[in-house]
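Undergrad: What shape does this take:
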Amino acid sequence: MKSIKKSVAGHMEKLCQEIGPRATGSAGNKLAVDYAAEKFRLLGFDVQLQEFPCMNWQNDGAELIVDGQAVEVEAAEYAMPCDVRGEMICVQTIQELQAADLADKICVMYGDLCKEPIMPKSMVFWNPEEHQAIIRELEQKQPLAVITVSFLEEVAVPIIQDGDFTVPCGTVKGKFLPSLINKKNAALRLFTERRAAVAANVIATYGKGKKLAYSAHIDTKPTTPGALDNGTGVATLLTLAEQLVGTKLNHQLEFVLFNGEDYYSMPGEMTFMAQSLNQPEEYEFAINVDGAGMQNSSTSYSLYECSEQLSAQLDTFSKAYPTVEKVEPWPMGDHMLFAGAGIPAAAITSTQIYLLMEAVMHTPKDNLSIVDFQRLEETVQYLVELTKYLN
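TA: Presented below is the predicted three-dimensional model:
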């Protein structure tokens with residue numbers, strides 16, 4: 001059998017170098033889904049492609065001219081196309097937004113309105129009223145376009161990423177705020193397109209009995225090779241499947257590659273909840289892998305919906321692995337699909353992954369150069385033995 005590290009590296013090279021970005025609905029996403037599905041089939045798994053409708057968003061750039069001067073701008077993800085010109089109105093609080101007359105104007109949002117990304121309208125898991133109020137005001141006032149100013153000076157963090165939002169939206173780095181404040185007129189062009197598409201989750205099963213589920217999301221944001229987010233998760237599960245084939249187990253193994261964790265409405269997750277999680281009693285335990293294998297970081301696990309006895313048993317088991325440590329639960333991620341259905345679950349990630357959230361995740365910097373393949377090998381070994389322990 002191929003070594004674990006070599007197998008993980010091979011899957012990572014295929015996903016992150018040869019295929020590259022794997023945004024839900026894109027050609028790269030389909031290549032990744034087909035690749036993973038074929039790998040599971042060759043191992044003898046029963047494979048289902050769980051399809052759902054989505055958007056294949058195309059982005060060919062953006063242009064912004066403010067009082068005759070060009071300002072660097074990016075189209076916000078899923079933004080509608082536009083070619084508009086008008087007076088600029090700058091607002092930084094919800095009160096200013098509520099008072100502003102935005103008809104036939106370009107709205108520039110900064111400050112308190114852009115302190116964090118705004119949840120999409122269709123997000124059911126967490127969507128604060130503060131976010132909803134901003135979107136309601138914009139949709140009621142219908143400006144020609146919206147330009148959001150990132151809370152980071154050097155990264156154009158898109159504040160609005162919503163395929164259901166109908167006002168064209170661009171985003172600029174925080175350092176360009178002075179180029180917008182107290183200016184009069186702007187011209188914004190977004191060369192984007194929303195195309196109807198179909199994507200799919202990969203569900204691969206092996207054996208019979210109550211289910212042990214392993215999940216990772218296969219999609220990425222449009223411009224990143226998605227090494228840690230989440231090529232390492234997919235590569236870990238594909239290699240884990242290779243290691244477990246032929247092992248005598250009393251459970252059915254179910255590997256789920258979600259498609260849409262980095263998509264605004266999480267359509268793959270929603271489809272899986274509706275079609276596959278309607279009988280949670282079929283599941284014994286679920287493990288989600290996302291963000292594993294970061295350099296200079298240990299691997300962490302957190303537990304959800306576990307009894308005190310099960311938690312104690314898993315903690316005792318994990319103490320035998322010096323590079324694995326327990327952390328506090330994090331109530332966001334695909335593990336919450338299982339936990340929300342009352343299924344005992346664990347989330348596997350890198351302990352220090354939060355250090356990369358703002359400046360690396362979802363960017364071209366999330367590539368193979370920041371992956372620790374030795375740590376991934378250890379993660380696979382940990383999951384192999386954990387499977388046998390749970391069995």
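Undergrad: what about the most centrally placed residue in the chain, which SS state?
TA: Centroid-nearest residue in the chain: D262, 2.8 Å away (criterion: Cα atoms, centre = their mean). Here D262 is coil, with the state taken from DSSP: H, G, I helix; E, B strand; the rest coil.
Undergrad: can you map out the helices along the stretch 51-200 of the chain?
TA: Here the stretch 51-200 of the chain has its helices, by DSSP state H, counting those that start in this stretch, at 94-99, 129-141.
Undergrad: who's in contact with the residue nearest to the centre of the chain?
TA: A23, T24, H217, D219, T220, K221, G226, D229, H362 (Cβ atoms under 8 Å, 6 or more residues apart in numbering). Every C-beta, even on glycine, is put in place using the N, C-alpha and C of the backbone.
Undergrad: now H11
TA: If you count contacts by Cβ under 8 Å, 6+ apart, then H11 has K39, G231, V234, A235, L238, T239 around it.
Undergrad: Out of those, which is nearest to G342?
TA: The closest of the contacts of H11 to G342 turns out to be V234 (Cβ to Cβ; 26.3 Å).
Undergrad: what secondary structure does the closest one sit in?
TA: Applying three-state DSSP: V234 is helix.
Undergrad: thought it was touching L15?
TA: Yes - judged on Cβ atoms under 8 Å, V234 makes contact with L15 at a distance of 6.2 Å.
Undergrad: Name the residues contacting each of the two.
TA: What both V234 and L15 touch, as defined by Cβ under 8 Å, 6+ apart, is the set A32.
Undergrad: average pLDDT across the helix ranked longest in the chain?
TA: Assignment by DSSP state H gives helix 373-390 as the longest helix of the chain. Average pLDDT, helix 373-390: 97.
Undergrad: helices or strands up against it?
TA: Counting contacts by 3 or more Cβ pairs under 8 Å, 6 or more residues apart in numbering; DSSP states H and E, helix 373-390 is packed against helix 4-12, strand 211-217, helix 232-244, strand 283-289, strand 299-304, helix 308-318, strand 345-350.
Undergrad: give me that answer again for 7 Å
TA: helix 4-12, helix 232-244, strand 283-289, strand 299-304 (3 or more Cβ pairs under 7 Å, 6 or more residues apart in numbering; DSSP states H and E).
Undergrad: just the angle between it and strand 299-304, please?
TA: 40 degrees (axes from the mean of the first three to the mean of the last three Cα atoms, to 10 degrees).
Undergrad: V84 contacts A186, correct?
TA: No - using Cβ atoms under 7 Å, V84 is not in contact with A186; the gap is 8.5 Å.
Undergrad: Save the contacts of D262 as CSV, and put in pLDDT too.
TA: Putting the contacts of D262 into CSV (pLDDT from 0 to 100) gives the following:
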residue, pLDDT
A23, 97
T24, 97
H217, 98
D219, 98
T220, 97
K221, 94
G226, 97
D229, 96
H362, 88
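Undergrad: In strands, which of those residues fall?
TA: H217 (DSSP state E).
Undergrad: Quick check on the contacts of D262: which are buried?
TA: Buried subset of the contacts of D262 (neighbour count, 16 or more other Cβ atoms under 10 Å): A23, T24, H217, D219, T220, K221, G226, D229, H362.
Undergrad: Mind picking the one among these that's closest to V384?
TA: H217 (21.5 Å).
Undergrad: before we move on, the earlier item: ok, which of the helices and strands packed on helix 373-390 comes nearest S122?
TA: Evaluated with Cβ to Cβ, those place strand 283-289 nearest to S122, the distance being 21.7 Å.
Undergrad: Please identify the most buried of the helices and strands packed on helix 373-390.
TA: Highest mean neighbour count of the helices and strands packed on helix 373-390: helix 232-244, a mean of 26 (counted as mean count of other Cβ atoms under 10 Å).
Undergrad: Please report the distance of V108 from M357.
TA: Noted for V108: a distance of 26 Å to M357, by Cβ to Cβ, to the nearest Å.
Undergrad: who has more neighbours, the two?
TA: Applying other Cβ atoms under 10 Å to V108 and M357 shows that V108 carries more neighbours, namely 26 against 11.
Undergrad: now the more buried one, nearest residue through space, not along the chain?
TA: Leaving aside its sequence neighbours, V108 sits nearest to C90 (Cβ to Cβ, 6 or more residues apart in numbering; 4.4 Å).
Undergrad: so that neighbour makes contact with L180?
TA: Yes - counting by Cβ under 7 Å, C90 touches L180, with 6.4 Å between them.
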